[in-house]
Structure formats: structure tokens, C-alpha cells
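Chemist: sequence and predicted structure are below.
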Amino acid sequence: MCKEIKCALILGFLLIVLGTATPLFAEPELHFDGEIRLRSEFDHKSFSPETVLHQYNDLRTRFGIDANLSDRTNLYLQFQDSRRLGENSQSGSLTNSKNVDIHQAYINVEHLWSGGIGLKAGRFELNYGNQRVFGSVGWHSVGRSWEGIMAFYSGNTFRMDAF
């Protein structure tokens, strides 16, 4: 079975589960956020006076929309444009030359059916511990996000996450 069909089946299953857990047709409350970051870098890796100083200007722009569907369900969509100014071949993400990408796109249900059980599905940032393994790498021009499903349980004194 090809990858697209598997993704479509998983997405359909998630929509059915989330559709039974929360009303999806409520009037959404929208919140907008954004970020524009310009960073200059100077590279002079040699101590030789003949070496040319290299200067780079990186621009990262993000725009996000948070739609609160109910008191326990929200959808979040965040676009990102990351580029090195003045260079066409280095624009976009790390692997291609596209300029506008989706950095995050997920649905989050805080209390699935009852209790502290929740679910987050889509593309989202993860930040755990010192962020060496799971971190959003906010200092980088592109940043990091993962695609998947996260189930969690929030108790009185702890939280447990499963991926």
C-alpha cells in the first residue's frame, strides 16, 4: 500500500475519533500570532589577513492562526518563510528551495471523552528536557517540528506522553 493511502486512512480514523469526542462545528474563536526575525552572521574562520570576510543575512517570518473550536479543542496552523537574503539557491528549508512551508499544523483535544486524557495530531513542536533530542531549535532559521500523534494523560501531580 502506498504512503499516501496510509496517511489518508490514518487521517480519516483521527477525524472519526475526534468527531465523536468534541463538537467540531462550533463557532471558532480565532487568535493570530506572528514573528519576523532578521539575523546577520559574519564568518571569518581564518586568521590570515588575505581571507575575505563573509556576511550572511537570514530572515525568518512566521504567521500563525489558532482556532479555538471549544473549551477543550483547538486547531493551530503556522506558516514559515525562511531564507538567506541575496542567495536564490539557499532559500527555503534545509532540503529544498521552497520559500513558504507549514511549520506547524495540528489539532489538540485536551480532555478526550473524560478525565485528563488528551490527543494531539499533525505537525507540531516538541520540547523536552534540555531539548537536545526533542526540541524545536528556536535559534535556527528553520526550526524543527515533527509529524505524528501524541496521546497524553494529565494527572494531579504528573503528565505522561505517548507517541
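Modeler: Everything's here; your move. Numbers count the residues shown, from 1 in each chain.

Chemist: least confident secondary structure element in the chain?
Modeler: Lowest on mean pLDDT, DSSP states H and E among the helices and strands of the chain sits helix 3-21, with a mean of 62.

Chemist: what pairs with the next helix-or-strand element following that one, parallel or antiparallel?
Modeler: Along the chain past helix 3-21, the next helix or strand (assigned with DSSP states H and E) turns out to be strand 29-43. Note on strand 29-43: by DSSP bridges, its sheet partners are strand 54-68 (antiparallel).

Chemist: who's in contact with the most centrally placed residue in the chain?
Modeler: Central residue of the chain (CA atoms, centre = their mean): residue 104, 3.0 Å from the mean position. When contacts are counted by CB atoms under 8 Å, 6 or more residues apart in numbering, residue 104 touches 64, 76-78, 122-125, 145. Backbone N, C-alpha and C define where each C-beta goes, glycine included.

Chemist: let's have those residues in CSV, adding secondary structure.
Modeler: Shown next, in CSV, are the contacts of residue 104 (DSSP: H, G, I helix; E, B strand; the rest coil):
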residue, secondary structure
64, strand
76, strand
77, strand
78, strand
122, strand
123, strand
124, strand
125, coil
145, coil
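
Chemist: ranking by neighbours, what's the top pick from the residues you listed?
Modeler: In terms of neighbours by other CB atoms under 10 Å, these top out with residue 78 at 23 neighbours.

Chemist: contacting residues around that one?
Modeler: By CB under 8 Å, 6+ apart, residue 78 lies in contact with 33, 62-65, 102-105.

Chemist: show me which of those residues are buried.
Modeler: Buried members of the contacts of residue 78, counted by 16 or more other CB atoms under 10 Å: 62-65, 103-105.

Chemist: residue 79 against residue 102, yeah?
Modeler: Yes - contact criterion CB atoms under 8 Å: residue 79 and residue 102 qualify, at 6.1 Å.
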